[in-house]
Structure formats: structure tokens, C-alpha cells
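Colleague: okay, predicted coordinates and the sequence, questions at the end:
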Amino acid sequence: MENDITQFRSQRDVRRSTNKSDGWLFAGLLLVLAVAPLPLGSNRPLPMSLLSAFVGVLLTVWAMFWVTNRTSTHSQLRGIKWPSILYITICVWIFVQWLPWLPAQLSDPTWVAASKLLGRNLQGRISINPEATLTGFMHLLTYAGVFWLTFNLTRTSERAWIGIRTIALIGGAYAFYGIAIYMSGNGWILIYPKWTYYESLTSTFVNRNSYATFAGLSLLCAVALLLNHIKPFFALKHPLRAKIVIIVEQLAAKSAWKTLLVLSIAMSLFLTQSRGGVASTLCGLLAVILIHVVQQRLKKRHIFYIVLALALLTIVIFAVSGNPLSKRLEIEKVESSVTFRNNMYAIVVDAIAASPLTGTGFGTYADVIPAYKPEGGISALLIWDKAHNTYLENALELGLPAALLLNFSIFLIAIQTARGTANRKRDKLIPALGVGATILVGLHSLVDFSLQIPAVTILYAAIMGIATSQSWSSQRIPIVSET
């Protein structure tokens, strides 16, 4: 018993020392999350390249820190072994797609046709646009780097809650900016005159659906903060009315800033008019709240009142900011959008059938799809640079086997966070965030391309890193290896 106590104290001291030593590294990671949405969601070559370089520097410093302090992650690494192996396999496959001088059986026929047309021997590759494939490869490595850093830097619940609170504050800041611009005429994105989505709030993003996913992920963190704050008051041995009065007082006074964060981010989300973004966010929120409510083992009437309060809050927010969204929910507009997307999906499926195993190269959708576009009609005049379905786009670019492996690797991480909601005795809300975030982006990816916007995927990777790191019981995680 004394040995166990001594070991616990030793591990606690090492943990505190480690937190102080790598605190600035964690601050650098949070800076990445704060800056990523600023330059048009980092969906431009220069800002994304700078972010990738900065994440690379953070990873290098972390590796040096890890070697110096001999910190151990063996227990947690076992939990993400297979997702890591699958993800690395995908990265290797993308590199193979880029490689020149591949056998003719693997190379895309476009290179043979181009060689004959130009009269010279070109390097055969699977990718029809090697530069785009390398860019996509850089993106995947950056997202993995963000996940790995948050996974290792949020191994204490205190650090994890700092990360969640910071994400909520970042989301609130961009929501406040978006609302201010929207109310002042909605004519600008930073220093640029707005050139599309004039009627929708997009904050610093160009596309309303992309910002909707970003706002939704931020909203999950803000709601988690609020739930974690009011959770102890449900356990009070007071009459129900007294509990409600205390909770309302907390929401309106002592934790007013958290309530304001939730309301502002939710309002900005509704003002995007993104049907898929709002619907997928509500599904993700529902998952987080249900997990929280079930684990609290509340009485049925308490659950009823919680659900009623959330429903009333949603109605109020929708009444204040949902009028533009309600117009987009008109039946004829929904049917028109569904018809267009179904036609596009059918064309993408035809393109996938041309190279179902090898794909056309990661990041090459915009180069491939023009050959399959219809010649007439309004849709022929549109720029089809995104498939509005991430799963189909990945299948086209990576090939069906690799696309399935990529999605499965993310699914396994989400499963680990789901296990965490059952394994942990405290802070179950943190792994629950991983479940809700995956439901959000997973559903929205069926109808849009938000995960192809770097700032959105960086935020999702950070949330999953925090949720996964906190999906083990703190009593079972070794803090430091013996030296």
C-alpha cells in the first residue's frame, strides 16, 4: 500500500513538472487552432503551408522533449495502434500514387495519351496531378500532427479542459465577428469584398457549410463546458424547483460568459443557413447530451425537464436567427438541392468506376471531374471543384480500398472515445465530445465538403486528440517510464 502511494505521488510530481515544461508547446498548438480559421479557413496554399510548417516545428520540439523526459505513452498507444497503422498505410499509398515511372498497368492512361500527343516520353504515375497529390499528402500529415500533439499534451483532465475551453472561446470569437459583419451588411470577409453567399453568415470562411461545421464543433465544446459547470447542482438534495432556480442563477450570472458563448455560436450557426450543418450539429449535440444524461442516472422527470429546456432554447435561438434558414427549408428548394446533388453523385460514381482500385490521385477531383460533366444545362456552367460528398470524393481520388481504410481508421478512433465514456469514472464529457464531433462531421460529409477545409479538419483533429487522450481511466495510464 505504501509503495502504491509513493508511486502515485512520484507520478503526480512528474506530471506537474511535465505540465510546466511543455506548457508553452501546448500554447503553440492552441495558437494553431486560433489562427487556422483566420485566412479564409486556411483554404489557400500559403496559409496552409505556413500552418503545416509550424505544426512540423511543434512536432520536432515535442520529439526532443519526449526523448529528454522519457515520457511513456505505451498504454494509450496500444489503444490507437490499428488506427495509426491504417492512417500510415494511407499516407504510404498516397506517396505511391505520386511516384513517377510506375508500371504501365498502374499508371493512369492520361499519361500515355499525353506522351503520344506531345511526342515525348512522360513519367507514368497513378496521380494525374502530382502536385495536387503532394499537397493533399501535406494536409493529411498536418492533421495527423495536430491529433498527435493534442493526444500527448492533454493527458491530464485539467489540460484537456483548458483545450476545450480555448476551443469554445475561439469559436465564440469567430462567431462574434461573423455576427458583427452580418449585422453590418454582410459585405466583407476580412479585407475582401464578399463574392458569394451574400445572404449567409460565413465569418472568415468563404463557404457557409464550412463555417457551419466549424461553428458546430465549437458549439459542442461550449455546451460541454456549460454541462460540466452545472453537473454538480443536479446532485444537490434540494426540491426540483430549488435546483432549477440554482441552475438558472448559475447560467445567468456566475457562468454567464459560458451561456453567452453557447448562444452566440448557436446564433451564428443558424445564420449560416446551412441545412446540413445545422442538422448534423444537432445530431452531434444530441449524442453528447444523451451520453451525459444517461451517465448521470437522473430521474425520468429530471431528464424530461432537461430535454424540455433544450428544446425551448433551440426554439428561441431559431426564432431570433433562423428565419433565413427557414426559407431554405422550403420544400421546393430542398427538392432542387437534392436533385442536383443526386445527379452529381451519379457522375462521381461513374468516374470512380473508371479506376476503382487505384484512384486518380489524392487531391485530383477538380482535375478529373470536368471530363464527366454534362455538356448542357446550368450545372455545366458551375465549377465542380468539390463533390459535396467527402466519401465519394475520397473513393475517386484514393480508390475504393484506400478510401475505406481511411474512413475506418477514423471510425476506430471514434469507437475508442465511445469506450471512454464507459471506462472513465470522471470527466466522461471529454470522450463524449469525440463521439459527438465524429457524428457531426460524419453526417455533414455526406452532403458537403467541410473536412476538405483545413481549419475545420484541424479543429476536428484537435478535439479527437483531446477526447482520445481522455478515453482511458486515469488510474490505468502510466505517467512516466522507469529510467
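Modeller: It's in.

Colleague: other residues contacting stretch 284-295?
Modeller: By CB atoms under 8 Å, 6 or more residues apart in numbering, the residues outside stretch 284-295 that reach it are 216, 219-220, 223-224, 227, 231, 303, 306, 310, 421, 428-429, 432-433, 435-437, 439-440, 443. Glycine gets a C-beta too; all of them are placed from N, C-alpha and C.

Colleague: typo on my end, it should be stretch 252-266
Modeller: Contacts for stretch 252-266 (CB under 8 Å, 6+ apart): 168-169, 171-172, 175-176, 179, 215, 218-219, 222-223, 225-226, 229-230, 251, 317.

Colleague: list the buried ones in it?
Modeller: Of all the residues in stretch 252-266, those buried under the rule 16 or more other CB atoms under 10 Å are 255, 258, 259, 261, 262, 263, 264, 265, 266.

Colleague: over to stretch 460-477?
Modeller: 460-472, 477.

Colleague: turn the residues you listed into a markdown table, including pLDDT.
Modeller: A markdown table is the format used below for the buried residues of stretch 460-477 (pLDDT from 0 to 100):
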| residue | pLDDT |
| --- | --- |
| 460 | 98 |
| 461 | 98 |
| 462 | 98 |
| 463 | 98 |
| 464 | 98 |
| 465 | 97 |
| 466 | 97 |
| 467 | 97 |
| 468 | 96 |
| 469 | 94 |
| 470 | 94 |
| 471 | 92 |
| 472 | 84 |
| 477 | 46 |
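
Colleague: show me which pair in those is furthest apart.
Modeller: 460 and 477 (23.6 Å; CB to CB).

Colleague: which of the contacts of stretch 284-295 fall within strands?
Modeller: Among the contacts of stretch 284-295, no member falls in strands (DSSP state E).

Colleague: just the residues you listed: which are in helices?
Modeller: 216, 219-220, 223-224, 227, 231, 303, 306, 310, 421, 429, 432-433, 435-437, 439-440, 443 (DSSP state H).

Colleague: make a ChimeraX selection of the buried ones in the residues you listed.
Modeller: To isolate the buried subset of these in ChimeraX, counting by 16+ other CB under 10 Å, use the following:
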select :216,219,220,223,224,227,306,421,429,432,433,435,436,437,439,440,443
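
Colleague: in contact with residue 170, which residues?
Modeller: Per CB under 8 Å, 6+ apart, neighbours of residue 170: 33, 34, 37, 218.

Colleague: how far away from the center of its chain is stretch 102-122?
Modeller: 38 Å (CA atoms, centre = their mean, to the nearest Å).

Colleague: and for stretch 52-66?
Modeller: 21 Å.

Colleague: which residues does that stretch contact?
Modeller: Here stretch 52-66 has contacts from 21-22, 25, 28-29, 32, 138-139, 141-142, 145-146, 148-149, 152-153, using CB under 8 Å, 6+ apart.

Colleague: residue boundaries of the helices in the stretch 1-150 of the chain?
Modeller: 2-21, 23-35, 45-69, 74-79, 81-98, 109-118, 130-153 (DSSP state H, counting those that start in this stretch).

Colleague: so for residue 387, which of the ones you listed sits nearest?
Modeller: helix 130-153 (14.2 Å).

Colleague: list the buried ones in the closest one?
Modeller: 130, 132-153.

Colleague: tell me the angle that helix makes with helix 45-69.
Modeller: 40 degrees (axes from the mean of the first three to the mean of the last three CA atoms, to 10 degrees).

Colleague: quick one: helix 130-153 to helix 23-35, angle?
Modeller: 130 degrees.

Colleague: off-centre distance for the very next helix or strand once past helix 130-153?
Modeller: Reading on from helix 130-153 to the C-terminus, the next helix or strand found by DSSP states H and E is helix 157-183. Mean-position distance between helix 157-183 and its chain equals 14 Å (CA atoms, centre = their mean).
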